[in-house]
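In: no sequence on hand, only this structure:
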């Protein structure tokens, strides 16, 4: 069988589905190929189930807080299977929605493994051949686990969402947002958690004040953070896993979860003689139009490793569909600056713009405004929950170039302020904005005492 299409998309994650639907809306004949699940990492083993588990992990703290408001929540219990299975039902519902969206847009769906045979041909499971004017690679990423003795005894982040039983003791290896989120979630669900990271402080790339604040908060919540250490080997002894560490010590746990980064999913994607250019991280290299080194072949989303965020992949997919098939072409490339993001560890992180370190490197002199406080909802209790807020301002222009928060509802609060940052708001604009009282968010528009910081001269 052979069919002809204007666009064939390999990968039905967020970016691929958005590109396919938008291309079809512009009148293109579109096919999409998916071998695993509709919705990609985010819907199935990423953002959505993770956030649901994060909600679940927060209830013990809510029960404790409720007592200070006069409620008696005695003898509560937790059933892991209920959370796990209810999550699965929701993911299956979302899978169906993605399929309906594609069907409704007129996109032809092929289930199986897609492979680029040439610059104009794609196969499905090595049998069905599709002819394409344009081919889009949107296969996303997959967890990376380094090679070491006992590697076969570890679990990856995907596994958490389908565990038969919740372990009592775990080691989480990694210092990125996935590792930190999983450590917080498991800790909140009552698991004894040790998080291991080979450097001196986790969440590299985030503002240092935020990183230190979150480390303090996670330790206070009960997570055993062990920095400057790594795994040398893992042995299985009965039902236990013995984790050997670089400092000579060992951990005995029920499970070891590795969250040490993700790599592009390129397995079996290209036939012999067809190869796109990749970078040192294994990501597909593209230009501002998402064109690869092979004519008529495009790539976007996690597989190009620019910003591994679902909304970024959606923006890329919309841009490419308009570029290839729209009557009105995009005015410029996708802009990756001032993209807000969040980490759903405990405490939550919300951030947009530059870190203090990045701002100093770019502007030389900045003003930094910080505030730490105890949110109002905790003041009737003995719970010592804290929030950190931070603004970074270019001293010469008064423009707010970075906004960072660690604390309750950080993502919800940061999203609104991200619009202001994107529009170039100044500190004077923030000061002139009336706050909503009483709220945590008002702190961002009432910060008045700042510190001027100048970058150290280059030696």
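Out: Thanks, I have it. As the structure is a computational prediction, the values presented were derived from the model and not from experiment.

In: quick one: contacts for residue 103?
Out: Residue 103 makes contact with residue 109, according to C-beta atoms under 8 Å, 6 or more residues apart in numbering. Where you see a C-beta, it was placed from the backbone N, CA and C, and this is true even at glycine.

In: pLDDT averaged over the host helix or strand of it, what's the number?
Out: Residue 103 is part of helix 80-105 when elements are defined by DSSP states H and E. Confidence over helix 80-105 (mean pLDDT, whole number) is 97.

In: low-confidence stretches in this structure?
Out: 1-2, 458-459 (pLDDT under 70).

In: domain assignment for it?
Out: Listed by automatic domain parsing, the domain ranges of the chain are 2-143+263-325, 151-260, 347-454.

In: helices of this protein, residue ranges please.
Out: 14-25, 40-45, 47-67, 80-105, 157-160, 177-188, 208-221, 310-325, 356-363, 410-422, 427-432 (DSSP state H).

In: got a markdown table for those helices, with distance to residue 341 too?
Out: Output for the helices of the chain, formatted as a markdown table (distance: least, C-beta to C-beta, whole Å):
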| stretch | distance to residue 341 |
| --- | --- |
| helix 14-25 | 15 |
| helix 40-45 | 13 |
| helix 47-67 | 11 |
| helix 80-105 | 21 |
| helix 157-160 | 17 |
| helix 177-188 | 8 |
| helix 208-221 | 12 |
| helix 310-325 | 9 |
| helix 356-363 | 14 |
| helix 410-422 | 8 |
| helix 427-432 | 21 |
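
In: these: which one's closest to residue 456?
Out: For residue 456, the closest of those is helix 356-363, at 8.4 Å, according to C-beta to C-beta.

In: how about residues contacting the closest one?
Out: For helix 356-363, the external contacting residues (C-beta under 8 Å, 6+ apart) are 207-209, 354, 366, 368, 390, 392, 394-396, 401-402, 453-455.

In: and what of stretch 403-419?
Out: Here stretch 403-419 has contacts from 206-207, 209-210, 213-214, 217, 338, 340, 342, 344, 347-353, 355, 375, 377, 385-392, 421, 440-441, 444, using C-beta under 8 Å, 6+ apart.

In: what distance separates that stretch from the centre of its chain?
Out: Mean-position distance between stretch 403-419 and its chain equals 15 Å (C-alpha atoms, centre = their mean, to the nearest Å).

In: buried sites along it?
Out: 403, 404, 405, 406, 407, 408, 410, 411, 413, 414, 417, 418 (16 or more other C-beta atoms under 10 Å).

In: what's the closest of these to residue 224?
Out: Checking the buried residues of stretch 403-419 against residue 224 with C-beta to C-beta, the nearest one is residue 406 at 19.6 Å.

In: bridging residues for the closest one?
Out: With DSSP bridges as the criterion, residue 406 is bridged to residue 349, residue 388.

In: for ChimeraX, what selects the buried ones among the contacts of stretch 403-419?
Out: In ChimeraX, this line selects whichever of the contacts of stretch 403-419 come out buried by 16+ other C-beta under 10 Å:
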select :206,207,209,210,213,214,217,338,340,342,344,347,348,349,350,351,352,353,355,375,385,386,387,388,389,390,391,392,421,440,441,444
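
In: count of residues packed around residue 89?
Out: 8 (other C-beta atoms under 10 Å).

In: ugh, wrong one, residue 290
Out: 26.

In: isn't it up against residue 300?
Out: Yes: with contact defined as C-beta atoms under 8 Å, residue 290 and residue 300 form a contacting pair (5.1 Å).

In: who touches both of these two?
Out: 316, 320.

In: could you pull out the strands for the stretch 101-250 of the chain?
Out: For the stretch 101-250 of the chain, strands defined by DSSP state E, counting those that start in this stretch occupy the ranges 108-111, 114-118, 121-124, 128-137, 141-143, 155-156, 169-173, 192-196, 224-226, 231-237, 240-245, 250-253.

In: which parts of the last one are buried?
Out: This means strand 250-253. 251, 253.

In: with the second one instead?
Out: Buried residues in strand 114-118, defined by neighbour count with 16+ other C-beta under 10 Å: 114, 115, 116, 117, 118.

In: same question, the longest one
Out: Buried residues in strand 128-137, counted by 16+ other C-beta under 10 Å: 128, 130, 132, 134, 135, 136, 137.

In: need the contact list for the third one.
Out: Neighbouring residues of residue 132 by C-beta under 8 Å, 6+ apart: 4, 5, 6, 7, 8, 31, 120, 121, 122, 296.

In: kindly report the same for the last one.
Out: With contact taken as C-beta under 8 Å, 6+ apart, residue 137 is in contact with 10, 11, 116, 269, 276, 284, 292, 297, 298, 299, 300, 303.

In: report the beta-bridge partners for it.
Out: residue 10, residue 299.

In: who's in contact with the nearest residue to residue 373 once chain neighbours are set aside?
Out: Once flanking residues are discounted, residue 373 sits nearest to residue 387: 5.8 Å by C-beta to C-beta, 6 or more residues apart in numbering. Neighbouring residues of residue 387 by C-beta under 8 Å, 6+ apart: 347, 372, 373, 374, 375, 405, 406, 407, 408, 440, 443.

In: residues near the last one, how many?
Out: With neighbours defined by other C-beta under 10 Å, the count for residue 443 comes to 21.

In: for the residue nearest to residue 348 when sequence neighbours are not counted, give its distance to residue 160.
Out: Distances taken as C-beta to C-beta, 6+ apart put residue 410 closest to residue 348, at 4.0 Å, once the chain neighbours are dropped. According to C-beta to C-beta, to the nearest Å, residue 410 and residue 160 sit 22 Å apart.

In: same question for residue 139.
Out: Applying C-beta to C-beta to residue 139 and residue 160 gives a distance of 22 Å.

In: between the two, who's got more neighbours?
Out: Ranked by neighbour count (other C-beta under 10 Å), residue 139 and residue 160 place residue 139 first, with 29 against 23.
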